[in-house]
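Asks: I would like to see how this sequence folds:
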Amino acid sequence: MSNLNDFLEKLSSDADLKARYLENPEQVMEEAGLSEEEKEAMRLGDEKSLSDLTGDKKAYRKHIMSPKNK
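Replies: So this is what the prediction gives:
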(Lines give C-alpha, C1' and ligand atoms only; values in the text may rest on other atoms or scores of the structure.)
Protein backbone atom coordinates (compact mmCIF):
# COMPACT_ATOMS: atom_id res chain seq x y z
CA MET A 1 0.00 0.00 0.00
CA SER A 2 1.30 3.47 -0.83
CA ASN A 3 2.01 6.19 1.70
CA LEU A 4 -1.08 8.02 0.43
CA ASN A 5 -3.31 4.98 0.89
CA ASP A 6 -1.96 4.45 4.41
CA PHE A 7 -2.36 8.14 5.19
CA LEU A 8 -5.96 8.27 3.99
CA GLU A 9 -6.85 5.15 5.97
CA LYS A 10 -5.33 6.60 9.13
CA LEU A 11 -6.85 10.02 8.53
CA SER A 12 -10.31 8.49 8.34
CA SER A 13 -9.93 6.37 11.48
CA ASP A 14 -7.64 8.30 13.83
CA ALA A 15 -9.32 11.32 15.43
CA ASP A 16 -6.04 12.65 16.83
CA LEU A 17 -4.37 12.51 13.43
CA LYS A 18 -7.39 14.19 11.84
CA ALA A 19 -7.24 17.00 14.41
CA ARG A 20 -3.50 17.46 13.82
CA TYR A 21 -4.10 17.46 10.06
CA LEU A 22 -6.77 20.14 10.35
CA GLU A 23 -4.42 22.23 12.50
CA ASN A 24 -1.29 21.81 10.34
CA PRO A 25 -1.85 19.78 7.15
CA GLU A 26 1.60 20.44 5.70
CA GLN A 27 3.42 19.08 8.73
CA VAL A 28 1.21 15.99 8.97
CA MET A 29 1.56 15.23 5.25
CA GLU A 30 5.35 15.65 5.52
CA GLU A 31 5.47 13.29 8.52
CA ALA A 32 3.44 10.76 6.51
CA GLY A 33 6.06 10.83 3.76
CA LEU A 34 3.71 11.96 1.02
CA SER A 35 5.20 12.95 -2.32
CA GLU A 36 4.73 16.48 -3.66
CA GLU A 37 2.15 15.13 -6.11
CA GLU A 38 0.21 13.46 -3.30
CA LYS A 39 0.40 16.59 -1.14
CA GLU A 40 -0.90 18.74 -3.99
CA ALA A 41 -3.83 16.39 -4.57
CA MET A 42 -4.63 16.59 -0.85
CA ARG A 43 -4.31 20.39 -0.78
CA LEU A 44 -6.70 20.74 -3.70
CA GLY A 45 -9.07 18.00 -2.56
CA ASP A 46 -8.78 16.75 -6.12
CA GLU A 47 -10.96 13.67 -6.27
CA LYS A 48 -9.64 12.48 -9.65
CA SER A 49 -5.98 12.87 -8.69
CA LEU A 50 -6.50 11.14 -5.34
CA SER A 51 -8.31 8.30 -7.08
CA ASP A 52 -5.59 8.01 -9.72
CA LEU A 53 -2.81 8.06 -7.11
CA THR A 54 -4.41 5.49 -4.83
CA GLY A 55 -5.96 3.25 -7.45
CA ASP A 56 -9.21 3.56 -5.51
CA LYS A 57 -11.96 5.31 -7.44
CA LYS A 58 -13.78 6.16 -4.22
CA ALA A 59 -10.77 7.17 -2.10
CA TYR A 60 -11.88 10.78 -1.78
CA ARG A 61 -15.42 9.97 -0.77
CA LYS A 62 -14.46 7.18 1.60
CA HIS A 63 -11.68 8.97 3.42
CA ILE A 64 -12.10 12.70 3.00
CA MET A 65 -15.85 13.17 2.72
CA SER A 66 -17.14 10.49 5.09
CA PRO A 67 -19.49 11.86 7.77
CA LYS A 68 -17.23 10.78 10.63
CA ASN A 69 -14.52 13.10 9.27
CA LYS A 70 -16.59 16.28 9.27
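Asks: So what's the residue count around the closest residue in space to residue 2 that isn't next to it in sequence?
Replies: Distances taken as Cβ to Cβ, 6 or more residues apart in numbering put residue 54 closest to residue 2, at 6.7 Å, once the chain neighbours are dropped. Every C-beta, even on glycine, is put in place using the N, C-alpha and C of the backbone. A count of neighbours around residue 54, defined by other Cβ atoms under 10 Å, yields 22.
Asks: Roughly how far does residue 54 sit from residue 34?
Replies: Counting by Cβ to Cβ, to the nearest Å, the gap from residue 54 to residue 34 is 12 Å.
Asks: so what sits against both of the two?
Replies: Counting by Cβ atoms under 8 Å, 6 or more residues apart in numbering, the common neighbours of residue 54 and residue 34 are residue 4.
Asks: Buried residues in the helix or strand containing residue 52, which are they?
Replies: Applying DSSP states H and E as the criterion places residue 52 in helix 47-54. For helix 47-54, burial by neighbour count (16 or more other Cβ atoms under 10 Å) applies to 47, 49, 50, 51, 53, 54.
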